[in-house]
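Engineer: Quick one: sequence plus predicted model below, questions after.
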Amino acid sequence: MKLDSKAFTAPSISALLMALSLPAVAGDVSRGKTLFNDCRACHSVIDETESVIIRGGRTGPNLYGVIGRHAGSVPGFYYSTSMVAAGREGLRWNEEDFVVYVKDATAFLRDYLDDPTARGKMAYKLRDTKKARDVWAYLESVTKAH
């Protein structure tokens, strides 16, 4: 099939460029809150005034304020050397990196650091992208609300 170059008008090209620049679909905060129950086994959400938003485990770091935070930087938490290295290399948590990280922490760190020996400490894997976006949306909402 031969394409007619006249079919690609300025408005259609403009519409295509706008569609390509749209952000990914936002997560569902309510669903993320429910999904976070699995995360509670290891993580708490405690604000800067020590108010407990979500009481959870201590195996993982406090996730309050994770949005935009340098990886491996919660004071008093013992991270893997790979996570600390990723933070030093400039990894700041954003939705895209979070979604990939929670699918497989070790694979993410190996790719990010370009180090086949890198290891993450988080064993839990949330492989569903939509669910990971929902958890991110929930964490973002909790941080903004306090």
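Structural biologist: Here it is on my side, so go on.
Engineer: Look at the closest residue to Val84 other than its chain neighbours and tell me its secondary structure.
Structural biologist: Nearest residue to Val84 in three dimensions, chain neighbours excluded: Gly72, at 4.0 Å (CB to CB, 6 or more residues apart in numbering). C-beta here means a position set from N, CA and C on the backbone, and glycine is covered the same way. Put simply, Gly72 is coil when judged by DSSP: H, G, I helix; E, B strand; the rest coil.
Engineer: can you tell me which residues contact Gly72?
Structural biologist: 79-80, 83-88, 91 (CB atoms under 8 Å, 6 or more residues apart in numbering).
Engineer: isn't Asp28 right up against Asp134?
Structural biologist: Yes - in this structure Asp28 lies within contact range of Asp134 using CB atoms under 8 Å: 4.8 Å.
Engineer: who's more crowded, the two?
Structural biologist: Each of Asp28 and Asp134 has its neighbours counted (other CB atoms under 10 Å); Asp134 has more, 23 against 17.
Engineer: Tell me who's in contact with the more buried one.
Structural biologist: 27-29, 31-32, 35.
Engineer: could you redo the last one with a cut-off of 7 Å?
Structural biologist: Taking CB atoms under 7 Å, 6 or more residues apart in numbering, we find Asp134 in contact with 27-28, 31-32, 35.
Engineer: circling back to that earlier point, can you read off the pLDDT for the residue nearest to Val84?
Structural biologist: Listed pLDDT for Gly72 reads 97.
Engineer: Also Pro11?
Structural biologist: pLDDT at Pro11 comes out at 47.
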